[in-house]
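>>> I'd like to go over a predicted model; first the sequence, then the structure.
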Amino acid sequence: MYLKLYEDVFVWRNEREYFIYNSKNYKSFLCDSTPCLEIIYNRIADFNNLYFILIEEDLLDVSVKNWIDNIIKIDAGCVGESLDSFDSPVSFPPLLRIQTDIERIKWMYSQGYTGEMLKYLHDITIHINGSLNGNLYYARQMEYPIKTANFISIDVVDNLLLYVSKSVTKNICIIGNIFSYYAFDRLFKTIKIYDINVSICILFSDFIEAENAMNILNNINLKVVLIIDDIIGFRECICDYSNMDIQFVFPILKKDDISEVFDVIDLKKCNDYLLKPLYNGDNMSFFKNNVYLRKDDILNFKLNKREVYLHYVVNTNFFGKLIYMPDNKVYSNLNYSHIGENSELVTELIYREIVNGKSWRFIRDNGDCSNCLYKYLCPSPSNYELIFNKMNLCCTI
C-alpha cells in the first residue's frame, strides 16, 4: 500500500504521541506512538520521500490501520495499491529555510542593500515623553506610558516618521502625555505630511487633567487609544467621544473588574474597546483561571499553513516592532536589553535584531514548550511569558 500526505499537512511527534494537523481544513487527530508507526513516521519525515511512502503488509497492524483511517477522515492524505492510483506521487511537505534566509539578509546588508531591511519593519512605538501616572511594569506588558521626565527630540521623531513612510506596514504609535510635549504643534504638522497610520496612546487621567483636551484630540484627527486607568473618573466624565476615532482600553487586574468594565462600556456606549489583563505582581491566580490557555483553546485557533510556518521562525507578537524610549534607547521589546540608540539608523537596528536579537525570533522551541505537540499552533510567546519568566501559560503541559 502507498500513502500520500497532502502538502498542507503537518506531522508532529514527541516520545509518546503523534499529532497530525491539516492546515487546509483545520482538522486534526492525536494517536499513541507504536513501533510500526515509528517506522512510518521516519519515512514521512525523510524529505526525499516527498510525503509519499510505501507501507508494507507487515506494518499494517491495528495502530497503523487506525492511523490511516484517521488520515483519510480529516482529508490529510490518500492511499492506493499502486503508483497508478495517484494523479501525482509527489507532495511537498512543509519545509523551512530560516538559516538560509538569515544568511541572505547578511549578504544583502554587506553589499549595501540596507534599504531592504525596511520591509521587516512593521511598527514603531515612540514613548515621546512620560506621564506622572505612568508605569514601566505595565509598559512591559502592553502599550502604556511610563513615568519619566525625559522626552524624545522632535528631530528624532521627524526622522522616524520618514522611515515609517517608506516601510511596508506604515504603523506608528505615539505614547505618553502628548498634551505636555514641548513640540506638540510641530509634531502633528509633520504627521499630516506622510501617508502613515498614526495612533496616539494616552491615559485617561492625563486626558482629564489637560486643558482643552477634547478639542485637541478632535482637531488632530488621529486614532486615539485611551487607557482607562481611572474607571470611576471615566464613569463620571461627561465628555462626548462620538465624533472621535477612539479605542477604549480597560486594564483588568481581577475577575470582578470584568463585570464593572462591561457596565461602564454599556453606560458610555463604547463601540471600540479592549479588555487587557495586567499583572501587578499579586494576581497570578487571576491569570491562571482566566488567561491561561487550554488544549481546546489552542485547537480552535484554526491556523493556515502560512500562519503555522510563521510560528516556526518568528514571534508574531514581537516581529517587526521597534520601541523608542525617552532615554534615547531603542528596544525590540522592553523585557530585553536595548538594541541600540535613537541616533542610529533604523536599518542598522532592524538588521541587528534580525541577526543577533532575542525578541523577534523568540519562539516555543525552548523550555517547557519544547516537547509540546501543539507548540506551533499555540500563539507566539507574549510579554506575559517574559514578565512571569515562565514559558508555558497553559493547562496543556
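Structure's in. What do you need?
>>> what about residue 323, how many neighbours?
Summarising burial for residue 323: neighbours were counted as other C-beta atoms under 10 Å, giving 22. All C-beta atoms are positioned from the backbone trio N, CA, C, and that covers glycine.
>>> which SS class is it?
strand (DSSP: H, G, I helix; E, B strand; the rest coil).
>>> so how far is residue 217 from it?
23 Å (C-beta to C-beta, to the nearest Å).
>>> next one: residue 108
For residue 108, the distance to residue 217 - C-beta to C-beta - is 42 Å.
>>> Packing partners of the lowest-mean-pLDDT helix or strand in the chain?
Here the helix or strand of the chain ranked lowest by mean pLDDT, DSSP states H and E is helix 98-110, holding a mean of 75. Using 3 or more C-beta pairs under 8 Å, 6 or more residues apart in numbering; DSSP states H and E, the elements in contact with helix 98-110 are helix 346-356.
>>> one more time with 10 Å, if that's ok
Judged by 3 or more C-beta pairs under 10 Å, 6 or more residues apart in numbering; DSSP states H and E, helix 98-110 is in contact with helix 305-313, helix 346-356.
>>> and among the ones you listed, the most buried is which?
helix 346-356 (a mean of 19; mean count of other C-beta atoms under 10 Å).
>>> Who are the packing partners of the helix or strand that comes right after that one?
Next in sequence after helix 346-356, counting helices and strands by DSSP states H and E, comes helix 383-388. Here helix 383-388 touches helix 284-290, going by 3+ C-beta pairs under 10 Å, 6+ apart.
>>> So which bits of the very next helix or strand once past the helix it packs on are buried?
Note on helix 284-290: by DSSP H and E, the next helix or strand toward the C-terminus is helix 295-299. For helix 295-299, a neighbour-count test (16 or more other C-beta atoms under 10 Å) marks 295, 298-299 as buried.
>>> which other helices and strands contact helix 295-299?
strand 28-32.
>>> Pull up the pairing partners for the strand it packs on, direction included.
For strand 28-32, the paired strands and their directions (DSSP bridges) read strand 17-22 (antiparallel).
>>> Compute the inter-axis angle for the partner strand and helix 305-313.
140 degrees (axes from the mean of the first three to the mean of the last three C-alpha atoms, to 10 degrees).
>>> contact partners of strand 17-22?
Residues outside strand 17-22 that contact it (C-beta atoms under 10 Å, 6 or more residues apart in numbering): 5-6, 8-13, 27-34, 37-38, 40-41, 44, 67, 70-71, 74-77, 299, 303, 305, 308, 372-374, 376-377.
>>> Let's see the PyMOL selection covering just the buried ones among these.
Buried members of those, defined by 16+ other C-beta under 10 Å, are picked up in PyMOL with:
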select buried, resi 5+6+8+9+10+11+12+13+27+28+29+31+34+37+40+41+44+67+70+71+74+76+77+299+303+305+308+372+373+374+376+377
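>>> Can you pull up the most central residue in the chain?
Per C-alpha atoms, centre = their mean, the C-alpha nearest to the average position across the chain is that of residue 317, at 1.7 Å.
>>> where's the closest residue to residue 24 other than its chain neighbours relative to residue 303, distance?
Spatial nearest neighbour of residue 24, excluding adjacent residues (C-beta to C-beta, 6 or more residues apart in numbering): residue 8 at 4.0 Å. Distance of residue 8 to residue 303, computed by C-beta to C-beta: 11 Å.
>>> Now for those two: what residues contact both?
21, 23.
>>> and this protein, what are its domains?
2-85, 102-388 (automatic domain parsing).
>>> Need those domains in JSON lines (columns: distance to residue 395).
Below are the domains of the chain laid out as JSON lines (distance: least, C-beta to C-beta, whole Å):
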{"stretch": "domain 2-85", "distance to residue 395": "16"}
{"stretch": "domain 102-388", "distance to residue 395": "5"}
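>>> Indicate which one of those domains is closest to residue 394.
The closest approach between residue 394 and any of the domains of the chain, judged by C-beta to C-beta, belongs to domain 102-388 at 4.3 Å.
>>> next one: the least confident helix or strand of the chain to chain centre, how far?
23 Å (C-alpha atoms, centre = their mean, to the nearest Å).
>>> Using CSV, list the CA coordinates for that helix.
Only the C-alpha atoms of helix 98-110 are listed here, as CSV (Å, rounded to 0.1, in the frame of the first residue of the first chain):
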residue,chain,number,x,y,z
ILE,A,98,15.3,30.2,8.1
GLN,A,99,19.1,29.9,8.3
THR,A,100,19.3,30.4,4.6
ASP,A,101,17.2,33.5,4.9
ILE,A,102,19.4,34.8,7.7
GLU,A,103,22.5,34.3,5.5
ARG,A,104,20.8,36.0,2.6
ILE,A,105,20.0,39.0,4.8
LYS,A,106,23.6,39.2,6.0
TRP,A,107,24.9,39.1,2.4
MET,A,108,22.5,41.8,1.2
TYR,A,109,23.4,44.0,4.1
SER,A,110,27.1,43.5,3.5
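>>> what lines up beside the helix or strand just after it in the sheet?
Elements were assigned by DSSP H and E; along the chain past helix 98-110, the next helix or strand is strand 123-127. Here strand 123-127 is paired, per DSSP bridges, with strand 171-175 (parallel), strand 321-324 (parallel).
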